[in-house]
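**Q** here's my sequence, what's the structure:
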Amino acid sequence: MKHRTYMRIKLPGLVWSFAVLFSLPAPALFSQHGNSANGADSSNNAAPLRVIVNRAFNVGEELSYIVRAKMSIPEIVNVNGRPCYHLLWEAWTNSFFSRFYKVEDKLGSFVDVDGIFTWRYEKQQREGSFRDDRVVDFDLERGLAITTKNSKRDTVAIPLFVQDVVSAFYYIRTQKLAPGDTVFVDNYDNGKILPLKIIVYRREKIKVRAGKFNCLVVEPQMKTPGLYNQKGRLIVHITDDDRKIPVLTTTELYINVAELEEIKGVEGY
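**A** Numbers count the residues shown, from 1 in each chain. Next comes the predicted model:
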């Protein structure tokens, strides 16, 4: 049975800020003391594929936003002989804003069903006159990310089980989090490995349009001039359960608020 989750947020400017928070890329996850969560080093020499218990998401989940953005898991496909979730993020401007600055972005990630790590990442970015189309294949045996862009290929050495900006969001949702935890995740984006830190501050009960939720308050931090670079802090409330559904996202000054409005098709909600 397919489950669908519908979410809506208030302001267009927060679409990618919201993505930011959990699109956190991540491969080798570390605890507060720096121990790898998967117990493997980055040598990549005949390393066995990991298995992660996933109670957070499944095929058919769909997150929709008033701001013309959608996150979905339309299907399971085979990549490199492995069953993979096809994770899809889309963002676009409406007809009014498209007159001034048209946005049509599509990010796709193919994530191992068992291990929740990425095998392939596809990017189609259209923002004003800017264009960026690329495909990244992750070769775990050789420890390489192979990027194809404009018929040109580049390779970058990667750690084992590195994530892309889409898969990291879903990977974090599968992890056990508690106040006081600090999680480090390796993220691959635009030819670079960008470490991302997630701080879990406290538990808090909040009320939004969708209802009242027991939440964890977390803050993603990534030092990079890219998509997730922010001049102010980004604070995120996620449900304090196996689903870890984002409920509320605010900036440091509480400007641009992403608020959960409706949930459908998710067991327990």
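**Q** the stretch 51-200 of the chain: strands as residue ranges?
**A** Along the stretch 51-200 of the chain, the segments classed as strands by DSSP state E, counting those that start in this stretch run 62-65, 69-79, 82-92, 104-112, 118-127, 130-139, 144-149, 152-157, 182-189, 192-208.
**Q** reformat the ones you listed as TSV; add mean neighbour count and distance to D240.
**A** C-beta here means a position set from N, CA and C on the backbone, and glycine is covered the same way. Compiled in TSV, the strands of the stretch 51-200 of the chain are given as follows (neighbours: other Cβ atoms under 10 Å; distance: least, Cβ to Cβ, whole Å):
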stretch	mean neighbour count	distance to D240
strand 62-65	20	19
strand 69-79	17	21
strand 82-92	19	23
strand 104-112	21	24
strand 118-127	20	27
strand 130-139	16	32
strand 144-149	16	34
strand 152-157	12	36
strand 182-189	22	15
strand 192-208	15	6
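**Q** wait, T147 sits on D189?
**A** No - contact between T147 and D189 fails when scored by Cβ atoms under 8 Å: they sit 10.7 Å apart.
**Q** related to what we said a few turns ago, turn the strands of the stretch 51-200 of the chain into JSON lines, columns for distance to V166 and mean pLDDT.
**A** As requested, these are exported to JSON lines (distance: least, Cβ to Cβ, whole Å; pLDDT from 0 to 100):
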{"stretch": "strand 62-65", "distance to V166": "12", "mean pLDDT": "58"}
{"stretch": "strand 69-79", "distance to V166": "8", "mean pLDDT": "89"}
{"stretch": "strand 82-92", "distance to V166": "5", "mean pLDDT": "92"}
{"stretch": "strand 104-112", "distance to V166": "4", "mean pLDDT": "94"}
{"stretch": "strand 118-127", "distance to V166": "7", "mean pLDDT": "93"}
{"stretch": "strand 130-139", "distance to V166": "11", "mean pLDDT": "94"}
{"stretch": "strand 144-149", "distance to V166": "14", "mean pLDDT": "96"}
{"stretch": "strand 152-157", "distance to V166": "18", "mean pLDDT": "96"}
{"stretch": "strand 182-189", "distance to V166": "10", "mean pLDDT": "90"}
{"stretch": "strand 192-208", "distance to V166": "13", "mean pLDDT": "92"}
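**Q** which residue of the protein sits farthest from its center?
**A** Going by Cα atoms, centre = their mean, the residue of the chain most distant from its centre is R99, 29.3 Å out.
**Q** and that one, backbone torsions?
**A** Main-chain torsions, R99, degrees, to the nearest 10: phi -70, psi -30.
**Q** I'm done for today, thanks for sticking with me.
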